[in-house]
Structure formats: structure tokens, C-alpha cells
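*Asks:* I would like the atomic coordinates for the input below:
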Amino acid sequence: MEIDDLTPAERRLWRAFATGAEVDFREDGEQAVRAVVLRSLLLNGPEEPGEIAALKVRGARITGVLDLRYATVDSVIHLTHCRFTDAPDLVGAHLRYLSLRDSGMPGLSVTRARIDGSLRLTRCRFGGPVRLDGAQISGALFLEGAEIAGPAAAQPVLQLNQITVEDDLCARGLRAQGLIRLDGATVAGSLDLEDAELGNPGAHVLDAEALDVGANLLARRLRAQGRIDLRGARIPGRVDLLDARLSNPGGTALRASSCVIGEFWLRRGPRVEGMLNLRRAEINQLDVEPEMLPGQVRLLDLTYTFLTPHEPAGRRLPMLERDGEGFDPHAYEQLTAAYRRIGDDQAARLVQLAKQRRRRSTLPWYGKVWGHLQDAAVGYGFRPLRAAVWLLSLLAVGSLVYAGHHPPALKAGEAPRFNPVFYTLDLLLPVISFGQEGAFAPRGGYQTLSYVLIVTGWILATTVVAGVTRTVSRQ
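*Replies:* A predicted model of the protein is given here:
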């Protein structure tokens, strides 16, 4: 391109390029600069010995398509506070550094590009989709305060799948209406979505399957309408959802199944609207407030080491009972282990008792009957004092009845002196004999009472043995 073909604004820019000086058009009012001029500068611009060429422009209106497809650009690019009439096309480009901070444009395509430094899209306003899929960024990616308004819900407004960011991906305060794709993305540092507002009601709002984050996923005060999918993600630090609002009524609000996570924080916010799916996830510390859990959770094969904050078992058990996939003994064992790890044996026993009661609902009728007997007698072995209460009650009843009516002796001359207390104990305890039961024979209703005491004694003895065996085996 000949220098004579340039407008005064473009000529000013051409002269500044060789020394890397910044050109600020905001003081003179918005000036139009053709995108083809910028392309020519970046590919074949003038150079001066001892100077570092750079394109630094503020407040320009850039007309036409900035086409740098598969180009190699050695100069840094600062196009800040600019307005683009067309979406820049940087597919496959190799850039040193790119900043479009505070600019507005119909869209952006940086697919499979390579950027040796950082990519800064801070507070940019996009009227259409932003595509960064497959890009390799050696520095950080900045999207904080950016606004993206996209097309129909089926098409992503922000394509970040298979992207590689060797530093942080900062999208704090991002505003996006539509689907964000992060499938297979790799972020060496942290992924920051704090204060972001993401909306795609009734559909996926953040699809990040197999996401690999080197540090943390920060999402405090996140507002998300739609489904967040983190299936298979690896986040060794923490997933921080403090004060977050997750909403997808009638569907899944958050799916973190098959994930490996260091710490998962879900506290201080309103109740999640929609299902929470943590199936097959591996979490070192699960930090969840019961009030935030939705009406439906999926916990099949979820494993965790620590469960915080410490809550009574009665507040944690509803989490297991909301799993619509049926009885999952593993979930109860995980909760039991978490309580035992901190020394709360009483809570651990309550969880095990709840497990047996939940299991009882899956048994046939005869199993349910036997289960109810064990529960009433000794609380499945986790409430052994209950058996003592039953025995003492029956002992008192039998002693009072037989004290008022001594049963006749089988052999009057050989029978020992009748003792109503030890006679009743002989009937109740099947493995102990005080010599009373075999020496006396009650009749009528008193004989029926003796049968009841014998049968009840056997039932109590059997349930106590079963409960003690279960408790010992658990220890």
C-alpha cells in the first residue's frame, strides 16, 4: 500500500508504528482507520533501527475486516477503546501480544491461533460469538467485565473448547447470554468467574467437560441461569461457589460427576434450583451447607475425605434421601466414615441406623417385618440399651402377674420355692436357667403369657445377637 493512499489519521498511525508510539484519537473525536491499513502495518510496516515497532491505537473506528488469518506478527498489538465495524478474523495467526481492551465489535475469531504473550479482552463488548477454540496462549486470557450477546441458544457465544492457557483465565464480572464451551480446555493457573452473570435458561450455560485447571475454579457470587456441566473435570485446588446462585428449574443446575476436585465449596448462597449431580466424583474436602442443597441430588459412588462444616447427622441425612436413584449404601458409608474421622461416633451410629431403615424399604414383606422387629428391639444393634428397656419392662410385667398368681408345681414335693422374678427371667432368657421354668406349669391365660414371654425373649436375644454382630463387624 502506498503512503499517498492513506488518510491523515492513517498517515499519523503509519509514522507512529515504527517507534511503537501510541496514537490516541479520543481527543480529536473518533477517527476512521481502515482494517486493511492495520494489516499492512503489521505485516510490512516501516522499521527504524534501534526501535521496537508496535501498533498502539486508542479510540479509532476500524472499518472492514482485520484479516490476519494464518499470519505471523512480531509486533505487539494494542487496539483499545476502539470500535470495529466487522469482526476481526485471526484464525491460525501467530501473534506476540494482543490487547483489545474496552473495544466493541460484532464478534471475534481467534480459532487455533497462537499467542506468545497474553490476550486481553477486558471490558470488551461483543455483539456476536467469540471463538477462541483450539487457541494456545502462553500468558493469561483476560475476559473480566466483558459483555457477549450471542445468537440462538444452540450456538455457543464463547468458544473456549480445547484452548490452552499457560497462566490464569480471568473472566471476573463476565456477562454472557448463551452457551459457553470449555470442553477439553487446559488452564495452568486458575479459572476466575467471580461475579460473572451467565444466562441460557433451559439449556447449557457452561459446558466444561474434561476441563483441566491447574489451581482453582473461582466462582464466588456467580449468577448462572442454565446448566453447568463439569463432568470429568480435574481441579486440584478448590471449586469456590460461595454466595453463588445456580438456577436451572426442572433440569440439572450443576453436574460435577466423575470429577477430581481438591475442595468443593457450596455455602452462603440460596438453595440451588435444579438437580445437583456429584456421581463418581472424588473430592478431598466437601464443604456444603445443607440449606443450599436442592430437592434432588445424585451421589452414587461419590467419595470424599472430609465433610464440612460439622453438622448433626439429622441435617446431613436428607442429602442422602434426596437421591432419586434408590438406595445407595456407599453414600451412607461415606457419611459414616466422615463422622468417625472427626470422632463423632454418635452421629456415625445414627447414619448407620438410617442406612438400615432405608435398606428395609427395598426388602420383601417378610424382610420388612423382621427389620421392624430389629429396629424396635435394639435399633439394628446401634441402640442396645433399647433391648434392656424391653427386658426390664417384660420382667416387671411377668413378675407382677406371677407374684399375684403362683403357678402350680409339677411335683409338689420336689419343686423349689417359687420366685416370680426368677421365673420370669427363666422364660425371657433362653440360654440361662434358674430352675424355675421346669418346676412350675401355669394354666389358662397365665400359660399364654408364659408363651409370649418365651417368644419375645427369643426375638430379643436374636436381634441383640444380630445387632451386636453387625456392630462388631463394622468396628
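*Asks:* what's the burial count for Leu302?
*Replies:* Residues near Leu302, counting by other C-beta atoms under 10 Å, number 23. The way it works is simple: take the backbone N, C-alpha and C, and place the C-beta from them, glycine included.
*Asks:* any idea how far Asp240 is from it?
*Replies:* Using C-beta to C-beta, to the nearest Å, Leu302 is found at 19 Å from Asp240.
*Asks:* please apply the same query to Ala461.
*Replies:* Taking C-beta to C-beta as the criterion, Ala461 is separated from Asp240 by 54 Å.
*Asks:* tell me which of the two has more neighbours.
*Replies:* Applying other C-beta under 10 Å to Ala461 and Asp240 shows that Asp240 carries more neighbours, namely 23 against 17.
*Asks:* partner residues bridging the more buried one?
*Replies:* Beta-bridge partners for Asp240, by DSSP bridges, are Leu218, Trp265.
*Asks:* for it, list the residues it contacts.
*Replies:* Asn216, Leu217, Leu218, Ala219, Arg220, Trp265 (C-beta atoms under 8 Å, 6 or more residues apart in numbering).
*Asks:* which stretches of the protein have low pLDDT?
*Replies:* 1-4, 150-154, 324-326, 362, 366, 368, 370-388, 413, 462-475 (pLDDT under 70).
*Asks:* just the helices in it please.
*Replies:* All helices of the chain, identified by DSSP state H, fall at 8-17, 35-44, 313-321, 329-341, 345-360, 365-378, 385-404, 420-428, 445-474.
*Asks:* now Ala338: closest residue in space, sequence neighbours ignored.
*Replies:* Leu307 (4.0 Å; C-beta to C-beta, 6 or more residues apart in numbering).
*Asks:* actually Met319, not the one I typed
*Replies:* Nearest to Met319 is Leu293, by C-beta to C-beta, 6+ apart, at 5.6 Å.
*Asks:* circling back: would you reformat the contacts of Asp240 as TSV and include distance to Asp192 and neighbour count?
*Replies:* As requested, the contacts of Asp240 are arranged in TSV below (distance: C-beta to C-beta, whole Å; neighbours: other C-beta atoms under 10 Å):
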residue	distance to Asp192	neighbour count
Asn216	8	20
Leu217	8	23
Leu218	5	25
Ala219	8	27
Arg220	9	18
Trp265	15	20
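*Asks:* can you put those residues in CSV and add distance to Ile77?
*Replies:* What follows is these, written out as CSV (distance: C-beta to C-beta, whole Å):
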residue, distance to Ile77
Asn216, 30
Leu217, 30
Leu218, 28
Ala219, 31
Arg220, 32
Trp265, 38
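*Asks:* spatially central residue in this protein, please.
*Replies:* Ala256 (4.9 Å; C-alpha atoms, centre = their mean).
*Asks:* hmm, Val239 and that residue touching each other?
*Replies:* Yes: at 7.4 Å, Ala256 counts as touching Val239 under the criterion of C-beta atoms under 8 Å.
*Asks:* mutual contacts of the two, please.
*Replies:* Joint contacts of Ala256 and Val239 (C-beta under 8 Å, 6+ apart) are Leu230, Phe264.
*Asks:* I'd like the distance between Glu147 and Ala9.
*Replies:* With C-beta to C-beta as the criterion, Glu147 and Ala9 are 27 Å apart.
*Asks:* closest one to Arg349 out of the contacts of Asp240, please.
*Replies:* Nearest to Arg349 among the contacts of Asp240, counting by C-beta to C-beta, is Trp265 at 28.3 Å.
*Asks:* was I right to think that closest one contacts Gly237?
*Replies:* No: between Trp265 and Gly237 there is no contact under C-beta under 8 Å: 10.7 Å.
*Asks:* now do the end-to-end distance for stretch 306-320.
*Replies:* Chord length of stretch 306-320, first to last residue, is 16 Å (C-alpha to C-alpha, to the nearest Å).
*Asks:* more neighbours: Glu147 and Ala9, which one.
*Replies:* Higher neighbour count among Glu147 and Ala9: Ala9, with 20 against 16, using other C-beta under 10 Å.
*Asks:* ok, the residue nearest to the more buried one when sequence neighbours are not counted - contacts?
*Replies:* Once flanking residues are discounted, Ala9 sits nearest to Gln31: 4.0 Å by C-beta to C-beta, 6+ apart. By C-beta under 8 Å, 6+ apart, the contact set of Gln31 is Ala9, Phe25, Gly59, Ala60, Arg61.
*Asks:* hmm, try it at 6 Å
*Replies:* Counting by C-beta atoms under 6 Å, 6 or more residues apart in numbering, Gln31 touches Ala9, Phe25, Ala60.
*Asks:* repeat that for Ala146.
*Replies:* Residues near Ala146 by C-beta under 6 Å, 6+ apart: Leu121, Cys124, Leu174.
*Asks:* tell me which of those is nearest to Gln285?
*Replies:* Leu174 (27.1 Å).
*Asks:* what's the burial count for the closest one?
*Replies:* Number of residues near Leu174 (other C-beta under 10 Å) recorded here: 23.
*Asks:* how much space is there between it and Gly134?
*Replies:* Counting by C-beta to C-beta - Leu174 and Gly134 are separated by 20 Å.
*Asks:* likewise for Ala21?
*Replies:* Distance from Ala21 to Gly134, by C-beta to C-beta: 34 Å.
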